[in-house]
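*Asks:* Predicted model and sequence follow; I will ask about them next.
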Amino acid sequence: MANNVEYAYMVTGENGGWITTDQNEIRFHNLAHGTYKVLVKCRIRNQQWPAQYTSLDLDIEPPFYFAWWAKTIYVLLTISIIYAGFNVYIRRIRLEYLYNSEKKQHEKEVELNRERIQFFSNITHELRTPLTLIMGPLDDILHHKDLPESLRKKITVMQRSTNRLSQLINKILDFRKTETNNRRLVVSKENIVTSIHNEILKYVELNTKKNVTIKFAATSPIINIYFDKEAINSIIGNFMSNAIKYTDRGEIDVRINELKDQNQHYVDISVSDTGHGISQEALPHIFESYYQENGKHQMAGTGIGLALVKSLVTLHQGTISVKSELEKGSSFTVRLEADNMYPEAVHQDHADDKLSGENLLDEEEKESLEKTDDNRKKTLLLVEDNEDIREYIKDYFKDQYHIMEAEDGKQGLEEAFLSLPDIIISDIMMPNMDGNELCHILKNDIRTSHIPVILLTAKTSIEDKEEGYREGADSYLTKPFTCSLLESRIDNIINQRQRIAAFFKGKAGPDLDEKRKAMAESMNNKDKEFFKNINSLIDKQISEDIDINYLAKGMNMSASTLYRKMKATTGISTNEYLRKYKIHYAEKLLLNNQYTISEVSFIIGMNSIAYFRKCFKDEFGTSPSEYIKKIKQE
């Protein structure tokens, strides 16, 4: 009977209708939590379903994570996360704002600092020209023998002040170079004891405080290390200047100690004084740019001295330390590595002749120097846009040279090609054409490549000097300068040219020939090219009576220009050079034993055997036959 009963059920809230089953039990799956009504009715199989049904309430409890308290936690967590996220976002925005503000402020400070340094640098560059016009005449006046002693003392005080001003200008320029990372070490291996002692002597002479004694001591009289002499002198100068400034009585003690620490070799340079000292609050800041302690003993200054010292010591890969007590004194110590060879620095172990402006010869070579027999005044071309500087130099050299003037590089170039002066002095910073460009053009033109060029400038960096020397400058003089220093540079260059000329004019011989070749090799490329071309022209017509106009035409210059070029570079005329060249050509032919003396004479275009013998003897000191005989015996 039970098998004939059918059931139907329906769950309210579900989307299905009545569900038929012949089972007397119902199983529900995947019902969501909530309240339902289950409707159930039954019938005999194949009979109609009755309208009546039975209902059953079904209540399904939700899982714990859907409980009210769980939902409350979710809401609170959501609010907390939103609040925390908002705070993080606000904090991030604030930090970005602070970072950007500080970055902009730092950029402004850097830009302001750069503009300030540039401003000071521009002013100091401008000051160099008037300072030259003060220092130069003062130096000239002091050299007058009839100057009254009372006036000499006053002028000496003025000279000290101008020297002090020059030092301050150099300090500002050095500071700018270190701040802009343009300062390069130029090291050489020297005795640092001697270098520092010489610098100290300047301050011993300048010290006007009778109650202050300056002492100097070193553990060894000779300590040879690599160092930048200019930088070390600047460091010592700053230390000494401050020590003298803030010490009223007592002593200033400078010591150089050579020591070893943990197998490292060091040199310590210390400057101690018994002055007013530095407060403990100020000590951490004394090496900062423009910092000045507002103490009762504070004197006027720029605030860049110790900052410059710190930069130069760092550039030297050294360390600096300071100890100080108020009213007891201060002690600054710079430590350098004695074995440091500074591979990244510019090395000047052997004095570069061109950079130093010196060309030293041994005594034998000096004795062989012969003064030119040309009594005319040498011509000096002065290219300078500052009229006062031109007048100052012109007035100083007017008795020694024939002075020609030009107001800028372009005018100077025209004048140089027109007059072919013996020496050119040119400023670098000029309108229309600067000195470097002028020097480049002159040194690359065969007509003027031999003319010595001295560049004057207010720029002091190694890079600026290197640029000038790359363009072919023979010497470099920084402003401010004195005419006596300029005169020594000019004399040195002219004497060197005369030494070269002496070798060309002298009689041939093993020693002289070697020196002559060495001198020829020291010429610039354009002058080498000049002699190569003129020798080639002579070779082509060696058997002819060569006309000077033939050589001048072949060199694309006038006969007078060729003469002056030849005279300036060798000290002899074009005819003399031609004769010497032919005689040396003849010597090579004679040594080959292929021709007789008369045949060689004709080959080189000398139809007179007697004249050939005379020329040969003038050059080699003996007749051709005796010369060959002597060579064979050797």
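*Replies:* Perfect, thanks for sending it.
*Asks:* Just say helix, strand or coil for I26.
*Replies:* Put simply, I26 is coil when judged by DSSP: H, G, I helix; E, B strand; the rest coil.
*Asks:* same thing with the one 3 residues further on?
*Replies:* The three-state label given to H29 by three-state DSSP is coil.
*Asks:* burial count for it?
*Replies:* By other Cβ atoms under 10 Å, the residues close to H29 number 4. For the C-beta atoms, the positions are set from N, CA and C on the backbone; glycine is no exception.
*Asks:* what's it sitting at in phi/psi?
*Replies:* Per-residue torsions, H29: phi -130, psi 140 (degrees, to the nearest 10).
*Asks:* Likewise for G250?
*Replies:* phi 110, psi -140.
*Asks:* Identify the bridge partners of it.
*Replies:* In this entry, G250 is beta-bridged to V212, by DSSP bridges.
*Asks:* That one reaches G277, doesn't it?
*Replies:* No - using Cβ atoms under 8 Å, G250 is not in contact with G277, being 11.5 Å away.
*Asks:* Give me the common contacts of those two.
*Replies:* Common contacts of G250 and G277 (Cβ atoms under 8 Å, 6 or more residues apart in numbering): G329.
*Asks:* The two: which has the busier surroundings?
*Replies:* Higher neighbour count among G250 and G277: G277, with 22 against 16, using other Cβ under 10 Å.
*Asks:* Please list all residues in contact with the more buried one.
*Replies:* Y246, S324, E325, L326, E327, K328, G329, S330.
*Asks:* Kindly indicate which of the residues you listed lies nearest Y36.
*Replies:* For these, the closest approach to Y36 (Cβ to Cβ) belongs to S324, at 92.4 Å.
*Asks:* What's the per-residue pLDDT of the closest one here?
*Replies:* With respect to pLDDT, S324 has a value of 89.
*Asks:* doesn't it fall inside a helix?
*Replies:* No - with three-state DSSP as the criterion, S324 is strand rather than part of a helix.
*Asks:* Dig out what it forms beta bridges with.
*Replies:* The partner residues for S324, given DSSP bridges, come to S330.
*Asks:* Give me the below-cutoff pLDDT ranges for the stretch 501-634 of the chain.
*Replies:* 502-522, 632-634 (pLDDT under 70).
*Asks:* got the contact list for stretch 404-422?
*Replies:* Contacts with stretch 404-422, where a contact means Cβ under 8 Å, 6+ apart, come from 378-385, 390, 394, 401, 424, 426, 430-435, 437-438, 441-442, 445, 447-448, 451-452, 494, 561, 564-565, 568.
*Asks:* Which members of those residues occur in strands, if any?
*Replies:* K378, T379, L380, L381, L382, V383, Y401, I424, S426 (DSSP state E).
*Asks:* can I get those residues in TSV with pLDDT, distance to M606 and neighbour count?
*Replies:* TSV is the format used below for the ones in strands among the contacts of stretch 404-422 (pLDDT from 0 to 100; distance: Cβ to Cβ, whole Å; neighbours: other Cβ atoms under 10 Å):
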residue	pLDDT	distance to M606	neighbour count
K378	85	34	16
T379	88	35	16
L380	92	40	22
L381	93	40	25
L382	93	45	25
V383	93	45	30
Y401	89	40	20
I424	93	39	28
S426	92	44	29
